[in-house]
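Engineer: I need the structure of the sequence given here:
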Amino acid sequence: MTSYRYGGFWKRGFAFLVDRMILFFIYMIFLFVGKAALNSGFNSVELELSQRFLIYYLTMHLLGMLYFTYFHGTTGQTPGKMLFGLQVIQSSGEQMTPGIAFLRWVGYIYSGLILNLGFFWIIFDRKKQGWHDKIAGTLVICRHEVPPPAESDQKMP
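Structural biologist: As a prediction, this is how the structure comes out:
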């Protein structure tokens, strides 16, 4: 069995913050494009402010789901995780799949339900797994920090 160095709470938190900042800029582009479309007369359907907010909120939620599912499902790394040298893999050691990445994203919702306790769980867990990792059967590992080789792997002088 391969041993890994697991990504800790702070490193993962900062990587998530980078990803949220990227998503924030994408959200702002959508907001400005939508506002410009409304101001230019592209308002064929009259919607109340609460309906517009709901559409915007659902669109942003969908973009976040696509962002995390795509990056985790294809490479196991979002831009934030790439920056901090982290990668998401399955607990079996296999690479991520889009299906597992989507399940992990659904787990984000569960992790955040009760005061974000599922994310803080990373601090106390032996393998640094949050509830979303446990739900999807994933690990976050440090790619640039290789654990020391086993004694049988070391060469004799």
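Engineer: contacts, neighbours, all on C-alpha from now
Structural biologist: Noted.
Engineer: show me where the protein has helices.
Structural biologist: In order along the chain, the chain carries the following helices (DSSP state H): 9-39, 49-74, 79-83, 98-113, 117-124, 131-136.
Engineer: give the contact list for the residue sitting nearest the centre point of the chain.
Structural biologist: Taking Cα atoms, centre = their mean as the criterion, F68 is the residue nearest the geometric centre of the chain, at 4.7 Å. Contacts for F68 were tallied using Cα atoms under 8 Å, 6 or more residues apart in numbering; they are 78, 101-102, 105.
Engineer: My guess is F120 contacts G130. True?
Structural biologist: Yes: F120 is in contact with G130 according to Cα atoms under 8 Å; the separation is 7.1 Å.
Engineer: Of the two, which one has the most company?
Structural biologist: More neighbours surround G130 than the other of F120 and G130, with 25 against 18 (other Cα atoms under 10 Å).
Engineer: Quick check: Y70 touching P98?
Structural biologist: Yes: checked against Cα under 8 Å, the pair Y70 and P98 is within contact range at 6.7 Å.
Engineer: what's near enough to touch F84?
Structural biologist: With Cα under 8 Å, 6+ apart as the criterion, the residues that contact F84 are 11, 15.
Engineer: give me phi/psi at it?
Structural biologist: F84 has phi and psi values of phi -100, psi 10 when expressed as degrees, to the nearest 10.
Engineer: any idea how far it is from G7?
Structural biologist: For F84, the distance to G7 under the criterion Cα to Cα, to the nearest Å works out to 9 Å.
Engineer: And A36, by the same measure?
Structural biologist: Using Cα to Cα, A36 is found at 42 Å from G7.
Engineer: Neighbour count: those two, which is higher?
Structural biologist: More neighbours sit around G7 than around the other of A36 and G7, counting by other Cα under 10 Å; the figures are 25 against 12.
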